[in-house]
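>>> 3D model of this:
(one chain, ligands or ions: 1)
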Amino acid sequence: MVRNVLILYYSQFGNTAKLASAIHRQTGADILRLQVPEGYFPDDMEETDQIFKADNQNGRLPQIITELPALDYYDTILVGGPVWDGKVASPIISLLRMMKDYQGKVVPFSTGWSDTGNYQADFVAHAGKLKIADGYHVLTHATPKYSPSSLASWLRKL
Ligand SMILES: Cc1cc2nc3c(=O)[nH]c(=O)nc-3n(C[C@H](O)[C@H](O)[C@H](O)COP(=O)(O)O)c2cc1C
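Okay, the predicted model is just below:
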């Protein structure tokens, strides 16, 4: 990739972080990990799910406390996060709101355990007027699995 590319990602347990690092290695793109306030999501999947569901019911989203760089400098932003309940994890929804005026290309990537659900469609649904490309979605305990070659061939199409 010869363009200005930024990788923004949220990762609670490190899987998306590993994928983001692999993308970073293959592209040389700038990379930034997003944080929510400490303790907002407990270190436990079930408890996180309860908070995620309660937030959904109450129309609440976690705050992203990481300062974003000037997004307009980048032609393409790759946005990575975990699959939560077959959908986009809420920190990524928060990010998409912060990015709503961005004019470049937005490219999702995600990691899940065994079912990607409707991640790509849900991402598009939350993206408003953002221009969304086809993403790279991998599972740790089912297919599609991550492989350096499948990642490389996806990156070549961007
Ligand atoms: C609240 C919550 C909901 C989840 N829902 C799904 C799901 O619907 N499908 C799935 O395959 N994995 C699901 N997972 C597992 C994560 O998507 C998976 O472990 C992912 O790789 C975690 O990424 P991270 O390590 O970057 O946080 C869920 C995890 C959490 C915490």
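
>>> CA atoms of stretch 87-105 as CSV?
Provided in CSV are the C-alpha atoms of stretch 87-105 (Å, rounded to 0.1, in the frame of the first residue of the first chain):
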residue,chain,number,x,y,z
LYS,A,87,-22.5,-7.8,15.8
VAL,A,88,-20.1,-4.9,16.0
ALA,A,89,-18.6,-4.4,19.5
SER,A,90,-19.9,-1.2,21.1
PRO,A,91,-16.5,0.6,21.3
ILE,A,92,-16.4,0.3,17.5
ILE,A,93,-19.9,1.9,17.2
SER,A,94,-18.6,4.7,19.4
LEU,A,95,-15.6,5.1,17.0
LEU,A,96,-17.8,5.2,13.9
ARG,A,97,-19.7,8.1,15.4
MET,A,98,-16.5,9.9,16.0
MET,A,99,-15.5,9.3,12.4
LYS,A,100,-18.8,10.3,10.9
ASP,A,101,-17.4,13.2,8.8
TYR,A,102,-14.4,11.2,7.5
GLN,A,103,-14.3,11.2,3.6
GLY,A,104,-11.8,8.4,2.9
LYS,A,105,-12.3,4.7,2.7
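
>>> which residues touch it?
8, 10, 12, 34, 36, 52, 55-56, 61-64, 68, 71-72, 74-77, 79, 81-84, 106, 110, 117-119, 122-123, 126-131, 133, 158 (C-beta atoms under 8 Å, 6 or more residues apart in numbering). Where you see a C-beta, it was placed from the backbone N, CA and C, and this is true even at glycine.

>>> contact residues of the protein facing the ligand?
By the rule C-beta under 6 Å from any ligand atom, the part of the chain lying against the ligand is 11-17, 45, 48-49, 52, 82-86, 111-115, 117, 139-140.

>>> quick revisit: buried subset of the contacts of stretch 87-105?
8, 10, 12, 34, 36, 52, 55, 61-62, 64, 71, 74, 76-77, 79, 81-84, 106, 110, 117, 119, 122-123, 126-127, 130 (16 or more other C-beta atoms under 10 Å).

>>> would you map the strands across this structure?
Secondary structure of the chain, counting by DSSP state E: strands at 5-9, 30-33, 76-84, 87-88, 105-112, 131-132, 136-139.
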